[in-house]
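In: Sequence isn't available, so here's the structure alone:
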């Protein structure tokens, strides 16, 4: 069995210039497949709401729903480092509630938790870290704040670049072990990566980060639409639809099951 990825390995990969791979996962079966493929980190993202639960955004996702998904992914992964998103409402009201939410996710099997926000969330990161729980930050476009940000828009352009860099340092100084940079200009993401000692994981942030993450249903074309920054690495949605169509036709035509599928000798 391959050696499990730990937090110190991620830092070593940054120092060695080895790019970190990360994908979302929401269940044991998918986690097992991605783990076997060699993916370094699995993110139990609150994108679970958009991709699997039919919500219009990540905002409605509950902690209870994230706990179910985290348990499944943790059971499926034997090597990858599992990070669980803290959903909207699970850490904003108080540091006490934030720590309780983080504890629940770790008990469900997460190696670390992820939360959104830079300087504004630094005190929360500090509190969770003091509780002995590893934290991954998330700055740039933060989906839980989509309404306040005016939709999925690139963050850190022009004069806003300095604030984003300051947010990156605030996350690191608060004790985060890594930070996700989402929809950030490539030159800003590269600068943050150079200035920080902790790994940066980019999504729509160019090539200059220490790692890359994608929502797996985008990467595998499970639907017809995906963000502009996504590269499709397999037409899994089409393959699954074709398989279901072939099964439907075989059932309707009574060609399945046949005698070879019978348990009778």
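Out: Alright, I've got the coordinates. Source: prediction; values computed, not measured.

In: Looking at the closest residue to residue 113 other than its chain neighbours now. What's its pLDDT?
Out: Spatial nearest neighbour of residue 113, chain neighbours left out: residue 102 (4.7 Å); criterion: Cβ to Cβ, 6 or more residues apart in numbering. Every C-beta, even on glycine, is put in place using the N, C-alpha and C of the backbone. Predicted confidence (pLDDT) for residue 102: 98.

In: other SSEs contacting the host helix or strand of residue 102?
Out: Using DSSP states H and E, residue 102 maps to helix 95-107. Applying 3 or more Cβ pairs under 8 Å, 6 or more residues apart in numbering; DSSP states H and E, we find helix 95-107 packed against helix 63-76, strand 112-116, helix 122-130.

In: go with 6 Å
Out: Judged by 3 or more Cβ pairs under 6 Å, 6 or more residues apart in numbering; DSSP states H and E, the packing partners of helix 95-107 are helix 122-130.

In: on that earlier part again, so the residue nearest to residue 113 touches residue 114, yeah?
Out: No - counting by Cβ atoms under 6 Å, no contact exists between residue 102 and residue 114, whose distance comes to 10.0 Å.

In: Find the nearest non-adjacent residue to residue 114, please.
Out: residue 136 (4.2 Å).

In: Residue 77 - how many residues pack around it?
Out: 26 (other Cβ atoms under 10 Å).

In: Show me which residues of stretch 182-198 are buried.
Out: 182-185, 188-193, 196, 198 (16 or more other Cβ atoms under 10 Å).

In: The residue nearest to residue 114: what secondary structure?
Out: strand (DSSP: H, G, I helix; E, B strand; the rest coil).

In: And it, how far from residue 144?
Out: For residue 136, the distance to residue 144 equals 15 Å [Cβ to Cβ, to the nearest Å].

In: Need phi/psi at the most centrally placed residue in the chain.
Out: The centroid of the chain falls nearest to residue 43 when counting by Cα atoms, centre = their mean (3.3 Å). Reported as degrees, to the nearest 10, the phi and psi values for residue 43 are phi -100, psi 120.

In: partners of it in the sheet?
Out: Beta-bridge pairing of residue 43 under DSSP bridges involves residue 24, residue 83.

In: That one touches residue 24, doesn't it?
Out: Yes - in this structure, residue 43 is within contact of residue 24 by Cβ under 6 Å, at 4.8 Å.
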